[in-house]
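Chemist: Kindly return the folded structure for what I paste below:
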Amino acid sequence: MTDHLTVVNHPLVQHKLTLMRDKKTSTNSFRQLLREISLLLAYEITRELEMTTRTIQTPLCEMEAPILEGKKLALVSILRAGNGLLDGVLELIPAARVGFVGLYRDPETLQPVEYYCKLPANLDERLTIVVDPMLATGNSSVAAIDLIKAKGAKNIRFLCLLAAPEGVARMREAHPDVPIVTASLDEKLDDHAYIVPGLGDAGDRMFGTK
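Modeler: Below is the predicted model of the structure:
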């Protein structure tokens, strides 16, 4: 664990991740597990939110009570697989503003190409949490954060289910100011840029596609 990378070793996170890795786990179960694990990861990535106080009246007395400070958070999903994490995080932070970045990998250059980008306003005043289950090569994540920074975001965190050392290194090089929270730092990428041991293609397993 470093300042740049946090691996969440909570027993429930690790248990649910093992079930998700199992190729026998059904699409429905995979989707439900992803929703559950995203709640636990969201708890970790929001640990250091800025707080202030507000005067309230309890049934017994008046008090100065802690409350979140500043504008609502922004959640940005990297399509399409990011939506699986997004659902769970939104359960924990239902008032968050939501944006989407769509990227695909050019088959010849292997570089990410933007096809959709819709982001909340005033990103410069919000904590922005970017969600994508798999941090593999890091190219798509870096490109998405490039876009988000270009729209004004300054305080950004990245949430993923699995990370490969190659993706973590790429993110650290391109965006050293963006901390990463993940459930596991896996061994490596294979020749097809899949995370090993991994869990296969998160989007395909989530949506039942091939």
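Chemist: how about the strand or helix carrying residue 18: buried residues?
Modeler: Element membership for residue 18 (DSSP states H and E) is helix 11-21. Residues 13, 16, 17, 19, 20, 21 are the ones in helix 11-21 that count as buried (16 or more other C-beta atoms under 10 Å). In this view, the C-beta of every residue, glycine as well, is placed from N, C-alpha and C.
Chemist: give me phi/psi at residue 84?
Modeler: Dihedral angles of residue 84 (phi, psi; degrees, to the nearest 10) stand at phi -70, psi -40.
Chemist: I figured it was touching residue 202, is that so?
Modeler: Yes. Between residue 84 and residue 202 there is a contact at 6.9 Å, judged by C-beta atoms under 8 Å.
Chemist: who touches both of the two?
Modeler: 34, 133 (C-beta atoms under 8 Å, 6 or more residues apart in numbering).
Chemist: What segments of this structure are strands?
Modeler: Listed in chain order, the strands of the chain (DSSP state E) span 5-7, 51-57, 62-68, 74-79, 97-105, 112-118, 127-131, 134-135, 155-163, 180-185, 188-189, 195-196.
Chemist: Most tightly packed of the ones you listed?
Modeler: Mean neighbour count (mean count of other C-beta atoms under 10 Å) peaks for strand 134-135 among the strands of the chain, with a mean of 28.
Chemist: how many neighbours does the closest residue to residue 39 other than its chain neighbours have?
Modeler: Spatial nearest neighbour of residue 39, excluding adjacent residues (C-beta to C-beta, 6 or more residues apart in numbering): residue 88 at 4.7 Å. Using other C-beta atoms under 10 Å, residue 88 has 20 other residues around it.
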